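Peer 1: What follows is a predicted structure for the sequence shown.
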Amino acid sequence: MVKFHFDDIIEVQDVNVEGKKYDKVSRVDAKSEDGEIYMQLDVNSELYPMHPKEKYRMVLSETLNLDGTAVTSHSEAKQKSLADKFEYVMHGLLYKISEEKAKAGVKVVVYISFGGLQLMVRGAPIKMHRYKVDQRLFLLLRKI
């Protein structure tokens, strides 16, 4: 069984708040449904456009294999995977974890790079304990 670092419904709050910097990339501001997790996500807007008020299921996982085993370069091509259940998938590296002091207490901030596209996730320490620097993670999205 796969254990996810994040598995929740997110709602897009805004897109390209600071203006569009690249032709095919949009920076999406989103919050988890319970409002406890905030994120900024870069997506290839030509492949997967996202708009304010839309909701998505978002998962961060160490593997795509349904049995939880690690992904290898020799994985069976015909084998069912977690990616089959989603519309947009990226693979990246968690390169930084920091803490921010906020009005509501300390927040943990995680930064993941997907080949230049970035994800920043901010939340309470209790929700962010599974993340470790140098982890390779898959991001999966599906519109609901």
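Peer 2: The structure has been received and is ready for your questions.
Peer 1: Phe6 reaches Arg122, doesn't it?
Peer 2: No. Contact status for Phe6 versus Arg122: not in contact, 11.9 Å apart, counting by Cβ atoms under 8 Å. Every C-beta, even on glycine, is put in place using the N, C-alpha and C of the backbone.
Peer 1: what do these two both touch?
Peer 2: Ile37 (Cβ atoms under 8 Å, 6 or more residues apart in numbering).
Peer 1: Tell me which of those two has more neighbours.
Peer 2: Neighbour totals were compared for Phe6 and Arg122, and Phe6 leads with 23 against 20 (other Cβ atoms under 10 Å).
Peer 1: Now do the strands in the chain.
Peer 2: Using DSSP state E, the strands of the chain run over 6-15, 25-32, 38-44, 55-61, 88-102, 105-114, 117-123, 136-143.
Peer 1: Let's have these in CSV, adding distance to Thr72 and mean pLDDT.
Peer 2: Converted to CSV, the strands of the chain look like this (distance: least, Cβ to Cβ, whole Å; pLDDT from 0 to 100):
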stretch, distance to Thr72, mean pLDDT
strand 6-15, 23, 97
strand 25-32, 30, 98
strand 38-44, 26, 98
strand 55-61, 15, 97
strand 88-102, 13, 95
strand 105-114, 20, 96
strand 117-123, 24, 97
strand 136-143, 12, 98
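Peer 1: Export those strands to CSV and append columns for distance to Asp67.
Peer 2: Below are these laid out as CSV (distance: least, Cβ to Cβ, whole Å):
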stretch, distance to Asp67
strand 6-15, 17
strand 25-32, 27
strand 38-44, 28
strand 55-61, 12
strand 88-102, 18
strand 105-114, 24
strand 117-123, 26
strand 136-143, 15
